[in-house]
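Participant: Pasting the sequence and the predicted coordinates here, then a few questions.
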Amino acid sequence: MDGLNDLRGGWLERIAEAADEAALEELRVAALGKKGEISLKMRELGRMTPEERQVAGPALNALKDEVNSALAAKKAALGDAALEARLRGEWLDVTLPGRHRRVGTIHPVSQVMEEVTAIFADMGFAVAEGPQIETDWYNFDALNIPGHHPARAEMDTFYTHRAPGDNRPPHVLRTHTSPVQIRHMEAHGAPVRVIAPGRVYRADYDQTHTPMFHQVEGLAIDRDISMANLKWVLEEFFTAYFGTSVKTRFRASHFPFTEPSAEVDIQCSWEGGTVKVGEGDDWLEVLGSGMVHPHVLRSAGVDPDEWQGFAFGMGIDRIAMLKYGIPDLRAFFDSDLRWLRHYGFAALEVPAVHSGV
């Protein structure tokens, strides 16, 4: 056990001179590992007499504890020095303004869908949905659209073609949301009061037409519904939607699925190429409507001798253009971030009738 003081001094000096944690770990293994110098000294206790162990044992344990304490202190000092160097090199000016974090916006189509839903829900209309790929029967036949009608031509309608020999009925990308009328009445019967918003598809593309766009269909079936109810519902809707009293004008028209049928115009004025709804002496056509044709009711399993009602359909994209001053329908689907930031809505701007849509 001679030389413990020299051993202690040597290890404490080497620990104090360690440059980094890797070197410190090497010293720990060399001193206290299984084959470390101090560990080998501890093994010599077994060859000593009891009297010698009483003196050497405490001295070696004290040496081991002192070396461990020195290692721990040096490791903490190296950690503090590394942190200090990092803080000097990675300083941050907390007085600088924060980085602007862009957030997404709600697309005008989604916003207007919610506005339309909120207004009609306030009038007691539920929301009905249906598939976007429809059979020829639901999209045309059940709606009293004859086989020779131009809308059934491939130049106007997207058909899904089947393999040769497949004799199943043809399917189409629905050209309107009217098939939802049939499906809903088949499932629930009458009376009915629903709207059906959704995507529709037609082979058309210009400033006011796109191959895919959005419509909302309205349907109300009961025993004593008339065109007067239709006029009231539409005027209430437009007044709530545009935030001002809006008059409507009905013009006789023809749609295969309604009889009588009417095009509906809303009161507006034109000033400098800008449309202002609810004022002036001009009129703007916005939707088609009418009393549901008896053939449509029969196709849906509803007795036309007992029930009657109205239906209407309007383009969601177009009424969004009117309300928010969007000049080109094609821009709705260009995915231009600048356009979306300009015309988009904050996520918390949830439409509600009581707070104004």
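Facilitator: Great, that's in hand. Numbers count the residues shown, from 1 in each chain.

Participant: Tell me the spacing between residue 220 and residue 264.
Facilitator: 15 Å (Cβ to Cβ, to the nearest Å). C-beta coordinates here come from the backbone N, C-alpha and C atoms, glycine included.

Participant: List the buried residues for whatever helix or strand residue 54 lives in?
Facilitator: Using DSSP states H and E, residue 54 sits in helix 50-89. For helix 50-89, a neighbour-count test (16 or more other Cβ atoms under 10 Å) marks 56, 60, 63, 64, 67, 70, 71, 74, 75, 78 as buried.

Participant: again with stretch 137-153
Facilitator: For stretch 137-153, by 16+ other Cβ under 10 Å, it's 138, 139, 140, 141, 142, 143, 144, 145, 152.

Participant: can I get the residues you listed in a markdown table with pLDDT, distance to residue 333 and secondary structure?
Facilitator: What follows is these, written out as a markdown table (pLDDT from 0 to 100; distance: Cβ to Cβ, whole Å; DSSP: H, G, I helix; E, B strand; the rest coil):
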| residue | pLDDT | distance to residue 333 | secondary structure |
| --- | --- | --- | --- |
| 138 | 88 | 26 | helix |
| 139 | 88 | 23 | helix |
| 140 | 88 | 26 | coil |
| 141 | 85 | 30 | helix |
| 142 | 90 | 30 | helix |
| 143 | 89 | 27 | helix |
| 144 | 84 | 31 | coil |
| 145 | 85 | 27 | coil |
| 152 | 66 | 25 | helix |
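
Participant: Save these as JSON lines, and put in distance to residue 97 too.
Facilitator: Below are the buried residues of stretch 137-153 laid out as JSON lines (distance: Cβ to Cβ, whole Å):
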{"residue": "138", "distance to residue 97": "58"}
{"residue": "139", "distance to residue 97": "56"}
{"residue": "140", "distance to residue 97": "60"}
{"residue": "141", "distance to residue 97": "64"}
{"residue": "142", "distance to residue 97": "62"}
{"residue": "143", "distance to residue 97": "59"}
{"residue": "144", "distance to residue 97": "64"}
{"residue": "145", "distance to residue 97": "61"}
{"residue": "152", "distance to residue 97": "61"}
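
Participant: Could I get the full set of helices for the chain?
Facilitator: 4-17, 21-32, 37-43, 50-89, 108-122, 136-139, 179-188, 227-242, 294-299, 316-324, 337-343 (DSSP state H).

Participant: Let's have those in a markdown table, adding distance to residue 288.
Facilitator: Shown next, in a markdown table, are the helices of the chain (distance: least, Cβ to Cβ, whole Å):
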| stretch | distance to residue 288 |
| --- | --- |
| helix 4-17 | 91 |
| helix 21-32 | 79 |
| helix 37-43 | 95 |
| helix 50-89 | 70 |
| helix 108-122 | 16 |
| helix 136-139 | 16 |
| helix 179-188 | 14 |
| helix 227-242 | 11 |
| helix 294-299 | 14 |
| helix 316-324 | 12 |
| helix 337-343 | 27 |
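
Participant: For residue 305, find the nearest of those helices.
Facilitator: Proximity to residue 305 (Cβ to Cβ) singles out helix 294-299 among the helices of the chain, at 8.4 Å.

Participant: just checking, what packs against that closest one?
Facilitator: helix 179-188 (3 or more Cβ pairs under 8 Å, 6 or more residues apart in numbering; DSSP states H and E).

Participant: can I get the CA coordinates of the helix it packs on in CSV?
Facilitator: What follows is helix 179-188, C-alpha atoms only, in CSV (Å, rounded to 0.1, in the frame of the first residue of the first chain):
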residue,chain,number,x,y,z
PRO,A,179,-80.4,12.9,-58.8
VAL,A,180,-80.1,13.4,-55.0
GLN,A,181,-83.9,14.3,-55.1
ILE,A,182,-84.7,10.9,-56.4
ARG,A,183,-82.4,9.0,-54.0
HIS,A,184,-83.7,11.0,-51.0
MET,A,185,-87.4,10.5,-51.9
GLU,A,186,-86.8,6.8,-52.5
ALA,A,187,-85.2,6.4,-49.1
HIS,A,188,-87.4,8.7,-47.0
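
Participant: What average pLDDT does it get?
Facilitator: Helix 179-188 comes out with an average pLDDT of 93.

Participant: residue contacts, the residue nearest the centre of the chain?
Facilitator: The residue lying closest to the centre of the chain (Cα atoms, centre = their mean) is residue 106, at 8.2 Å. Residue 106 makes contact with 344, 345, 346, 347, 349 under the criterion Cβ atoms under 8 Å, 6 or more residues apart in numbering.

Participant: hang on, isn't the third one packed against residue 105?
Facilitator: Spelled out, it's residue 346. Yes. Contact criterion Cβ atoms under 8 Å: residue 346 and residue 105 qualify, at 6.8 Å.

Participant: Which one of those two is surrounded by more residues?
Facilitator: Taking neighbours as other Cβ atoms under 10 Å, residue 346 and residue 105 compare with residue 105 leading, 18 against 11.
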